[in-house]
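[1] turn this into a model:
(4 chains)
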Number of protein chains: 2
Amino acid sequence: MTATEITDTEITDWESRRPKRADARRNYDAVVEAARAAFARDGVDTSIDEIARSAGVGNATLYRHFPTRDELIAVALAENMAAVHKRGAELAETEEPLVALREWLLATIAQIGTYGGLPDSVLDAAGREGSLLGVTCTHMQETTQALLARAQEAGEIRADVRMDELFDLAAGIAWVISRDSAADTTRAGRLLDLALVGLIARQT
Amino acid sequence: MTATEITDTEITDWESRRPKRADARRNYDAVVEAARAAFARDGVDTSIDEIARSAGVGNATLYRHFPTRDELIAVALAENMAAVHKRGAELAETEEPLVALREWLLATIAQIGTYGGLPDSVLDAAGREGSLLGVTCTHMQETTQALLARAQEAGEIRADVRMDELFDLAAGIAWVISRDSAADTTRAGRLLDLALVGLIARQT
DNA sequence: ACCTGAACACCGTTCAAGT
DNA sequence: ACCTGAACACCGTTCAAGT
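    Residues are numbered from 1 along each chain as shown, chains lettered A, B, ... in the order given. Modelled structure (predicted):
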């Protein structure tokens, strides 16, 4: 797999999920907006009923649109995810291999660490079939694979590093970041750089 | 802080919590054992009521002994924690600084990653006052600090690495490990080594 | 001193009844 | 086609009543 295989397909696919009828669409959007606020404040494990309540909608209406919690999470993230993914494609074309990989990982960490508990949901959904969040996860992994391979072909990243290991480290950092709302991108960058450069002192 | 400051104080303190009366002690032990089994199978967020049920005890009895979930977790881990902590003190005396630090981090990761959801509980309890699990966490951080300082004084670990950063990385790896029961110590060691040595390729 | 069952408020999920 | 309130089973926590 090479960097050129990064595509935009299916990324905006979720738009097709929005209902056509006006009242339904209004409810749908209200739920997504309420979910974003609730997730940001209390994490992705917050009460579904309360999201429905604060959206001014019956809980069963929420379930009609989003049968599983994962779908609600995936849709709440979708817009930002599209931006991140687009950025990944750009990076592969404009930046040096190592810089591109680093920037991509940072964006990925920020995305996965957006809400408390999100890293768990992402990895839970990773393998599961028919999971909207799982599709999102797969996309991130494919881009990670492409940018990793590019950096390895350029001899800038150790050849023995596997994508899933890199993704695990990124997910771990995202988990740490997502745990306190105080932690900013700076901290994520610091932890990522530690892992990239290594903790062991070099003889100079 | 130096390596010699590692002590065993308060580690076996939890023993004083065991009730003196025979029937109470029997219930107490049954709850702890049931909790270990339940945590191992379903993670630390499993139902308290079910633990009580499988221990053959009323749920309120469980709450009498363990008013918070954290206390139950802390006691369930206590024996093993004592062993890990003892190992930390040994390592500081018998092993080379870098080896000692690595072994310690591996033991810490294994301990924090024992149960699903445990990394979350540990970091939640980290700062909280009066938390038994928080005390455990503080102990681990003190030992980490001591072994890190030792390795830095020997010039084997970069001088700019802070303890909390190292602990964050270890906790992140523990979180990844705790997420699938299939992952063994080998994987933890691999991820730890990646972070120690770094991902960037070296010119030879 | 210790245990218990019941009570309370909450949540996720489903479903029959409505427009 | 879409929405709703109610119902069901579950959980964490507390408390009055027991020995």
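
[2] taking chain A, what residue is nearest to DNA strand C?
    Taking C-beta to the nearest atom of the strand, DNA strand C has its nearest neighbour within chain A at residue A:60, 3.1 Å off. Yep, even glycine has a C-beta here, placed from its N, CA and C like the rest.

[3] doesn't that residue fall inside a helix?
    Yes. Assessed with DSSP: H, G, I helix; E, B strand; the rest coil, residue A:60 lies in a helix.

[4] can you give me the helices in chain A?
    Secondary structure of chain A (DSSP state H): helices at A:22-42, A:48-54, A:59-65, A:69-94, A:97-112, A:118-127, A:132-153, A:163-179, A:185-197.

[5] dump those helices to TSV, plus distance to residue B:102, mean neighbour count and mean pLDDT.
    Output for the helices of chain A, formatted as TSV (distance: least, C-beta to C-beta, whole Å; neighbours: other C-beta atoms under 10 Å in any protein chain shown; pLDDT from 0 to 100):
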stretch	distance to residue B:102	mean neighbour count	mean pLDDT
helix A:22-42	37	17	96
helix A:48-54	44	17	95
helix A:59-65	48	16	96
helix A:69-94	33	19	95
helix A:97-112	24	22	97
helix A:118-127	25	21	93
helix A:132-153	25	21	96
helix A:163-179	17	24	97
helix A:185-197	15	18	96
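
[6] separation between the residue of chain A closest to DNA strand C and DNA strand D?
    Residue A:60 sits 3 Å away from DNA strand D, going by C-beta to the nearest atom of the strand, to the nearest Å.

[7] same deal with residue A:199?
    Residue A:199 sits 38 Å away from DNA strand D, taking C-beta to the nearest atom of the strand as the criterion.

[8] mind listing what the residue nearest to that residue when sequence neighbours are not counted touches?
    For residue A:199, ignoring the flanking residues on the chain, the nearest one in space by C-beta to C-beta, 6 or more residues apart in numbering or on different chains is residue B:196 at 5.1 Å. By C-beta atoms under 8 Å, 6 or more residues apart in numbering or on different chains, the contact list for residue B:196 reads A:198, A:199, A:200, B:102.

[9] pretty sure the last one sits against residue B:188.
    No. In this structure, residue B:102 sits apart from residue B:188 without contact. The criterion is C-beta atoms under 8 Å, and the distance is 11.2 Å.

[10] list residues touching both of these two?
    Joint contacts of residue B:102 and residue B:188 (C-beta under 8 Å, 6+ apart) do not exist.

[11] which positions in chain A make contact with DNA strand D?
    A:19-21, A:23-24, A:26-28, A:57-61, A:64-65 (C-beta under 7 Å from any atom of the strand).

[12] of all the residues you listed, which comes closest to chain B?
    Closest approach between the residues of chain A next to DNA strand D and chain B, by C-beta to the nearest C-beta: residue A:59, at 22.7 Å.

[13] any idea how far residue A:34 is from that closest one?
    Using C-beta to C-beta, to the nearest Å, residue A:59 is found at 12 Å from residue A:34.

[14] mutual contacts of the two, please.
    Going by C-beta under 8 Å, 6+ apart, residues that sit against residue A:59 and also against residue A:34 are residue A:52.

[15] my read: residue A:14 touches residue A:73, true?
    No. Using C-beta under 8 Å, residue A:14 makes no contact with residue A:73, being 11.7 Å away.

[16] what sits in contact with each of the two?
    By C-beta under 8 Å, 6+ apart, no residue touches both residue A:14 and residue A:73.

[17] give me phi/psi at residue A:113?
    When read as degrees, to the nearest 10, the backbone of residue A:113 gives phi -90, psi 10.

[18] go ahead and confirm it touches residue A:188.
    Yes. Counting by C-beta under 8 Å, residue A:113 does reach residue A:188; the two are 7.0 Å apart.

[19] now the common contact residues for those two.
    Common neighbours of residue A:113 and residue A:188 (C-beta under 8 Å, 6+ apart) are A:173, A:174, A:177.

[20] and the last one, how far from residue A:61?
    Going back to what we said before, that points to residue A:177. 33 Å.

[21] in TSV: the helices of chain A, plus distance to residue B:53.
    Below are those laid out as TSV (distance: least, C-beta to C-beta, whole Å):
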stretch	distance to residue B:53
helix A:22-42	29
helix A:48-54	26
helix A:59-65	29
helix A:69-94	27
helix A:97-112	36
helix A:118-127	26
helix A:132-153	33
helix A:163-179	31
helix A:185-197	41
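
[22] those: which one's closest to residue B:50?
    helix A:118-127 (21.1 Å; C-beta to C-beta).

[23] from residue B:197, how far out is residue A:119?
    For residue A:119 relative to residue B:197 (C-beta to C-beta), the value is 24 Å.

[24] mind listing what residue A:192 touches?
    A:102, A:105, A:106, A:109, A:170, A:173.

[25] reformat those residues as TSV; add distance to residue A:49.
    Converted to TSV, these look like this (distance: C-beta to C-beta, whole Å):
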residue	distance to residue A:49
A:102	41
A:105	36
A:106	35
A:109	31
A:170	33
A:173	32
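
[26] how about the residues of chain A by chain B?
    A:98, A:119-120, A:123, A:155-159, A:161, A:165-166, A:168-169, A:171-173, A:175-176, A:179, A:190-191, A:194-201 (C-beta under 8 Å from any C-beta of the partner chain).

[27] rewinding a little: now for the residues of chain A next to DNA strand D, which pair is the farthest apart?
    Farthest-apart pair in those is A:20 and A:59; separation 22.6 Å (C-beta to C-beta).
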